[in-house]
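J.: need a 3D model of the sequence below.
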Amino acid sequence: MIVQLIESDTKILKEKIQSPKVLSLEADFSPQAVSIMLCLIDLNCIIVPLTESVAHKKDEFKRIAEVEVSIIVKDENFSVDFENTTATHEILTKLKNENHPGLILFSSESTGENKAAVHDFLYLLRACW
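T.: Got it, this is the predicted structure:
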């Protein structure tokens, strides 16, 4: 099942997204969300995973991460929405120029401000092998 999802999602996403882009993946854990995340890694996108638990901070997280495209997963369907933003932060630009997929995660706001941590997905994947 997941292989068919990945093949189908890859075809759709390649047509819609000129990679690399900074994307929010708004979804809870599901086969569809996992499939899309794997496709985005393959397209060298920088992914900002957002779940329903952070819905009240979604706009702030998207602003901080300079999200260019939002992918919203509902059940077995998803939509692709283009934001009016261009990612210009030097770390994001470096990942894009090197064609490396990335992952942006947020820390808790123990200091009163949310902070983003940007990871090069290739290094994370290599660490797992």
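J.: thinking residue 60 is in contact with residue 116, fair?
T.: No. Using Cβ atoms under 8 Å, residue 60 makes no contact with residue 116, being 10.4 Å away. Where you see a C-beta, it was placed from the backbone N, CA and C, and this is true even at glycine.
J.: tell me the mean pLDDT over stretch 84-91?
T.: Here stretch 84-91 scores 95 as its mean pLDDT.
J.: ignore the last one, stretch 122-129
T.: Mean per-residue pLDDT for stretch 122-129: 76.
J.: list the buried residues of the helix ranked longest in the chain.
T.: For the chain, the helix with the greatest residue count under DSSP state H is helix 2-16. For helix 2-16, burial by neighbour count (16 or more other Cβ atoms under 10 Å) applies to 5-6, 9-10, 13.
J.: got a list of contacts for that helix?
T.: Outside of helix 2-16, the residues within contact range by Cβ atoms under 8 Å, 6 or more residues apart in numbering are 31-32, 34-36, 38-40, 42-43, 78, 80.
J.: what's the following helix or strand after it?
T.: The helix or strand immediately downstream of helix 2-16 is strand 22-26, counting by DSSP states H and E.
J.: and the angle from that following strand to helix 2-16?
T.: Orientation of strand 22-26 against helix 2-16 (axes from the mean of the first three to the mean of the last three Cα atoms, to 10 degrees) gives an angle of 130 degrees.
J.: for strand 22-26, packing partners?
T.: For strand 22-26, the elements it packs on are helix 31-42, strand 46-50, helix 58-65, strand 69-74, judged by 3 or more Cβ pairs under 8 Å, 6 or more residues apart in numbering; DSSP states H and E.
J.: swap the cut-off to 7 Å and go again
T.: Judged by 3 or more Cβ pairs under 7 Å, 6 or more residues apart in numbering; DSSP states H and E, the packing partners of strand 22-26 are helix 31-42, strand 46-50, strand 69-74.
J.: quick check, central residue of the protein?
T.: residue 47 (1.9 Å; Cα atoms, centre = their mean).
J.: that residue and residue 112, how far apart?
T.: Distance of residue 47 to residue 112, computed by Cβ to Cβ, to the nearest Å: 26 Å.
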